[in-house]
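Enquirer: my questions concern the predicted model and sequence given below.
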Amino acid sequence: MNLVIDDVGFTYPGGAEALRGVSLRIQGGESIAFIGENGAGKTTLMKHLNGLLKPSRGRVTVDDWDTREHTVAKLAARVGFVFQNPDDQIVERTVIDEVAFGPRRLGQSETDALANSVAALEIVGLSDESRTHPYDLSASQRKLMTLASVLAMRTPVVIFDEPTMGQDARGLKLIGDIVEELKREKRIVLIITHDIDFCSAHFERVVAMADGRVLIDGPTAEVMARADLLATTNVEPPQLVRLAQALGLPVAPLTIDGLIAALPR
Amino acid sequence: MSQSFSLYIPTNSGMHRLHPLTKLALVFLCLVLGLFLPGVWLSYATFALIIIPSALWGGVLPRLLSALFKTALPIALSLFLIQGLFWPGGTPILHLGPLSFKEEGLYFSIQRTGRFIMIIGSFLLLTFTTRPDELMLALNRHGIPNSITYIILSTMQIIPRFQAKANTILDAQRSRGLETEGNVLVRIRALLPLIQPLLLGSIVDIDERAIALEVRAFGRKGPRTSLLTLHDTPAQRIARWLMLLAAVAVIAWGIYLWLAPRFIA
Amino acid sequence: MIRLADVTYRYPRATVPALDGLSFEVSTGQFCAVIGANGAGKTTLCSALAGFVPQFYRGTITGSIEVAGLNVVESPLADIAGTVGLVFSNPFNQITGARFTVRDEIAFGLENMAVPVAEMEPRIEEIMRFAGLEGLADRSPFALSGGQQQRLAIASVLVMRPKVVVLDEPTSQLDPVGAKEVFSVLRSLATTAETTVFMAEQKLEWVAAFADRVLVLHQGKLVADGPPGEVLASPDLGRYGLQPTRYTQVARAAQLAGLRSADTPLPVTLEQAVEFFN
Amino acid sequence: MERLKRDFSTISLVMIPVAIAINIVIGTIVYALKLPLYLDSIGTVFAGAVAGPWVGALTGALTNIIWGLSGINPGYTPYWPVAAIIGLLAGIFSGIGWFKSWWKAIIAGLITGLVAAFVSGPITTYIAGGVTGSGTDVVVAVFRNAGWGLLPSTWAQGAISDPFDKAASFLIVWVVIRALPLRFLDRFSRAEDVR
């Protein structure tokens, strides 16, 4: 599976130009964090990958499919997209049915849909809640449930929009584990986030966007070292990088061990 | 997308500067004229003599005419076709193959179209030239309870938010493979996954919205002040009374015309 | 300014208490943060300080809560309104929608309290400057960014001059820069205006940098209480589902690796960490 | 009186704008989807069901007034009494427990649709000469051609389209109420009538 975004421009019907020529190539197994200010075009770009939006110019292809030639419902089998607010999708009366909603729509057999849903709930730590009403979960659990609802679709590409918002330490750890598991399965994981510490801990590649364009695109450590560029996207470097900079160390460490190793002995 | 659900056009004409109640009285008079004037042509005459000059003064005439045209055209067409062609026992004046336009039906259609454009035209005049919050403040000062004006104003502002939310819900469900395009049955089936999150999600939010109101002392009894100020003049006050008197006179005349033949007979 | 004595509260239909035997006091002008895992009772505690628990949510409560001299368990909500301000995380739900401009939205609470217009205007100007909303007075509240909307929500409550402001995760839906702005507004509120600030929060880095005092809730119970440097560096933090800041984690790792003395107190902020390592 | 005060709690005041917005937003979407339904009173029916007939009536009436006042659908305003009656009836049917089963909800919707058609007939006749400018006007043509009077033809048109639409709306509200956790339903004054 690979995604190709080729010089994509997009203008909303109202006339707002949200993307001004974005080109990216994404290979199977890559994990990429998209950062940048609200309105920089991150969500607009992600919506191009499953066909919710079709490019005004340029081309988006998911393997051999040009997104303009396929409906969202069809593209959903290849690209799973978790929206920011769980309340925008809840239709079923139990957590398990809610998670199975996508798999059933994609035409998975009932047995597969249920098995995939059970497995997805296990991953997000909600196995005990499968018979619970979604609205009887806490807001942070509802968010985890929506992650499960896309995991269960077993798509080769998974997109998360701000998955860590409102999560505590346990939730962060769970979501981190999910990302690692998806990476192990060689799926493409894309995330939109403001949580720079989370993105530096789990993502190999970072794309910073501003004003409908790609500002920087590169390995995480390289991007994190560019405090000047990050500042223009309303993002501060991760705590470890800031500490290293304040100590005058010549590295941009992404892990605690990395910083310790760089300390003068 | 506009910020509130209203076609108010913010310019600074003399019409705009009138006290909201003056405009409301004018609209009331227009409604009465539209509904109670006898004959076929009088409503067109009052439309030309009151609504058009007022709209011109307010700088909203082109917008008013185009909005009016869009609303009234389907009704007028339907009226002329249905009541013109199928008026039982009418006098045929124009033959169209097996069908014919009846004189009574045409008269009836002209009259009702006139009535309809008076009603719609006067609403549009009010909407285009009156800030909704000023109108509500004026009504509030004249005995309409605070709760009603709160409901009307906040509804006007949450509708655009709900429209956006409905679009997001649609996107979220399509991303999970929900098919929304196709035959009537497919589209009807797509309705519940759209309606339910919209309704449930907003009911869940009701708690917070109610608390936010209480925090701002909305539940406090007793008098209130208002930062918004309304400008009134003695001339406008007199004009309002005159318009009300005129409206009452027209109603009385209309009732007399309706009753007189019955009593004389 | 805030005094809780043995407060236990259960939501209707709930089997376990959401607040369990809470007792503490917060003095005037203090910036007090309450932290804890999701479900620890932070939101319930915030609602209780403003009277909505139990008056709005019903349920059963024992013990006493006094805020700014009011018995908030029993005083009518309309009386609590001007004295205790409450702000929560979703800015959209806090905008009344009944006003069409930022200025009128801020005025809403004052109008309900029948503050004369002549007095309203300078108060609104002042609070807009304080919250960094200058130049936005005539905009629609819905045309603002999330961070601006949240500062509007805070300004709309502060303009009523409450003695205590309670905030329930006010930065959770904001980007990092927006979050830091909110923290610094609250810091100067506590310092210069002597308003007591009580805030539930997840972003420990900012809690460490801005708060005077930190409470830790765990399953409805108060399990730690003290200055940020002490509470946030405590080895117990993990037991309550919380993760110390990276600064603390690195410093602890350095101690374990024998690079720094185990006696030096652990840092919780960037400044302290720089000091720790130099 | 005490009951009425409870019906018009702060919760209701906040719920009414939400219900009106639901009416208008769903109504607009359904219209755009070109479905043979209006579904522009789901919010009204919900409000009536959970907060009583008077809240329902107010929700209905204000929906049409706001829709008209916004300038977007000025032709709807004169129908505010119809919308009010739909809310009122939803509240009354909820009071006698008809929202507790799906088939009773459908019957309640059918009856409400008939009443709505009855009330809207004279308004349509007086203001717009019996037509609505939509496809169902064909029905009026057929009855007029058969020699029916103005008002009866308009009634016939309404009686064919309204009950079906209201039955669908009542059924959707029944589904939504079933899906709503008790914790949230409890906030409303008539919660015990619907579950």
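Expert: The structure has been received and is ready for your questions.

Enquirer: sort out which residues of stretch C:200-210 are buried, please.
Expert: Residues of stretch C:200-210 classed as buried by neighbour count (16 or more other CB atoms under 10 Å in any protein chain shown): C:Ala200, C:Glu201, C:Gln202, C:Lys203, C:Leu204, C:Glu205, C:Trp206, C:Val207, C:Ala208, C:Ala209, C:Phe210. Heads up, the C-betas are built off the backbone N, CA and C, glycines and all.

Enquirer: so which of those residues sit within strands?
Expert: Of the buried residues of stretch C:200-210, the ones assigned to strands by DSSP state E are C:Ala200.

Enquirer: check the buried residues of stretch C:200-210 one by one and keep those near chain D.
Expert: When CB under 8 Å from any CB of the partner chain is applied, no member of the buried residues of stretch C:200-210 is adjacent to chain D.

Enquirer: what about the residue of the stretch 101-250 of chain A found nearest chain D, which SS state?
Expert: Closest approach between the stretch 101-250 of chain A and chain D, counting by CB to the nearest CB: A:Tyr135, at 4.7 Å. State at A:Tyr135, reduced to three classes by DSSP: H, G, I helix; E, B strand; the rest coil: helix.

Enquirer: skip the chain neighbours and tell me the closest residue to it.
Expert: Nearest residue to A:Tyr135 in three dimensions, chain neighbours excluded: D:Pro181, at 4.7 Å (CB to CB, 6 or more residues apart in numbering or on different chains).

Enquirer: which ones are touching that neighbour?
Expert: A:His133, A:Tyr135, A:Asp136 (CB atoms under 8 Å, 6 or more residues apart in numbering or on different chains).

Enquirer: wait, isn't the residue of the stretch 101-250 of chain A closest to chain D in contact with A:Ile90?
Expert: Yes - contact criterion CB atoms under 8 Å: A:Tyr135 and A:Ile90 qualify, at 7.0 Å.

Enquirer: among the buried residues of stretch C:200-210, which one sits closest to chain D?
Expert: Ranked by distance to chain D (CB to the nearest CB), these are led by C:Ala200 at 20.9 Å.

Enquirer: what about that closest one, distance to C:Leu217?
Expert: Separation of C:Ala200 from C:Leu217 (CB to CB, to the nearest Å): 9 Å.

Enquirer: for B:Thr46, same thing?
Expert: 69 Å.

Enquirer: same check on D:Leu151?
Expert: From D:Leu151 across to C:Leu217, the span is 67 Å (CB to CB).

Enquirer: in the stretch 1-150 of chain B, which spans are strands?
Expert: Ranges of strands within the stretch 1-150 of chain B are B:92-96, B:99-102, based on DSSP state E, counting those that start in this stretch.

Enquirer: chain C now?
Expert: All strands of chain C, identified by DSSP E, fall at C:2-10, C:19-26, C:31-35, C:60-67, C:70-71, C:84-87, C:164-168, C:196-200, C:213-218, C:221-226.

Enquirer: following the host helix or strand of B:Leu198, which helix or strand shows up next?
Expert: Taking DSSP states H and E as the criterion, B:Leu198 maps to helix B:191-215. Counting by DSSP H and E, the next helix or strand C-terminal to helix B:191-215 is helix B:234-264.

Enquirer: and that next one, what's buried?
Expert: By 16+ other CB under 10 Å, the buried positions in helix B:234-264 come out as B:Gln236, B:Ala239, B:Arg240, B:Met243, B:Ala247, B:Val250, B:Gly254.

Enquirer: please apply the same query to stretch C:28-40.
Expert: So, applying 16+ other CB under 10 Å, buried residues of stretch C:28-40: C:Gly29, C:Gln30, C:Phe31, C:Cys32, C:Ala33, C:Val34, C:Ile35, C:Gly36, C:Ala37, C:Asn38, C:Gly39, C:Ala40.

Enquirer: equivalent analysis for stretch C:39-47, please.
Expert: Under 16+ other CB under 10 Å, the buried positions of stretch C:39-47 are C:Gly39, C:Ala40, C:Gly41, C:Lys42, C:Thr43, C:Thr44, C:Leu45, C:Cys46, C:Ser47.

Enquirer: could I get it in CSV with only the CA atoms?
Expert: Extracted in CSV, the C-alpha atoms of stretch C:39-47 (Å, rounded to 0.1, in the frame of the first residue of the first chain):
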residue,chain,number,x,y,z
GLY,C,39,-12.7,9.6,36.6
ALA,C,40,-10.8,10.6,39.8
GLY,C,41,-13.5,13.2,40.7
LYS,C,42,-12.0,16.5,39.4
THR,C,43,-15.0,17.5,37.4
THR,C,44,-17.4,16.6,40.2
LEU,C,45,-15.3,18.7,42.7
CYS,C,46,-15.4,21.7,40.4
SER,C,47,-19.2,21.4,40.0
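
Enquirer: what segments of chain D are helices?
Expert: For chain D, the helices defined by DSSP state H cover D:2-7, D:10-32, D:42-51, D:53-69, D:80-95, D:102-128, D:137-145, D:150-179, D:182-185, D:191-194.

Enquirer: got the domain ranges for chain C?
Expert: Per the record, chain C has its domains at C:1-83+C:165-174+C:191-235, C:91-161, C:245-278, by automatic domain parsing.

Enquirer: can you lay out these as a markdown table showing distance to B:Arg161 and mean pLDDT?
Expert: Below are the domains of chain C laid out as a markdown table (distance: least, CB to CB, whole Å; pLDDT from 0 to 100):
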| stretch | distance to B:Arg161 | mean pLDDT |
| --- | --- | --- |
| domain C:1-83+C:165-174+C:191-235 | 15 | 94 |
| domain C:91-161 | 7 | 94 |
| domain C:245-278 | 36 | 92 |
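
Enquirer: how close does the one residue in the stretch 1-150 of chain A that gets nearest to chain B sit to C:Leu22?
Expert: Closest approach between the stretch 1-150 of chain A and chain B, counting by CB to the nearest CB: A:Arg105, at 3.3 Å. Counting by CB to CB, the gap between A:Arg105 and C:Leu22 amounts to 47 Å.

Enquirer: what about these two, which has more around it?
Expert: Just comparing A:Arg105 and C:Leu22: by other CB atoms under 10 Å in any protein chain shown the higher neighbour count belongs to C:Leu22, 23 against 20.

Enquirer: quickly list what's touching both of C:Ala200 and C:Leu217.
Expert: Both C:Ala200 and C:Leu217 are in contact with C:Val34, C:Ile35, C:Gly36, C:Lys42, C:Leu45, where contact means CB under 8 Å, 6+ apart.
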